[in-house]
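next come a sequence and a model predicted from it.
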Amino acid sequence: QVVLVESGGGLVQTGGSLRLSCAASGRTFSIFAMGWFRQAPGKEREYVAGIKRSGASTYYSDSVKGRFAISRDNAKNTASLQMNSLKPEDTAVYYCAASEGSDSLQQLPWDYWGQGTQVTVSS
């Protein structure tokens, strides 16, 4: 079992930045990839960014490419999402996820989820 805990959400103005962090505990050796998802009210969950254990492979949705950066620290069992140039449409609950799969980042099943952290971008 893997437990994920997110932190770093909050309220920020348009154009501002936030950094989300995800701390993993438990069977962390089994984690192949970590990712960030978001869900805004009335919308489907969106896969925002993902990163493999090696850090050499990353994925970004078109909506955040060039503004967000995902990273991970395997020694500390953490993953982070640096969010820059935030827009009101980035407002959502952001979830950290972990996968034990071995597919490409866009094909992975996500096995573990955090409880989410709210990000609100004011206009």
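Structure's in. What do you need?

end-to-end on stretch 34-47?
End-to-end distance of stretch 34-47: 11 Å, with C-alpha to C-alpha, to the nearest Å as the criterion.

how about the helices in this protein?
Listed in chain order, the helices found in the chain under DSSP state H amount to none.

quick one: the strands in it?
The residue ranges that make up the strands of the chain, judged by DSSP state E, are 2-7, 10-13, 18-26, 33-39, 46-52, 58-60, 68-73, 78-83, 92-99, 112-113, 117-122.

residue 106 is nearest to which of those?
Evaluated over these, closeness to residue 106 peaks at strand 58-60, with 5.9 Å, by C-beta to C-beta. Heads up, the C-betas are built off the backbone N, CA and C, glycines and all.

mind listing what that closest one pairs with, with the direction of each?
Based on DSSP bridges, the strands next to strand 58-60 in the sheet, each with its direction, are strand 46-52 (antiparallel).

so what sits opposite the residue most central in space within the chain in the bridge?
Among the residues of the chain, the one closest to the centroid is residue 36, at 2.0 Å (C-alpha atoms, centre = their mean). In this structure, residue 36 has the following beta-bridge partners (DSSP bridges): residue 49, residue 96.

what sits against it?
20, 22, 48-50, 70, 79, 81, 94-97 (C-beta atoms under 8 Å, 6 or more residues apart in numbering).

nearest to residue 40 among the residues you listed?
Distance ranking of those against residue 40, using C-beta to C-beta, places residue 94 first at 10.2 Å.
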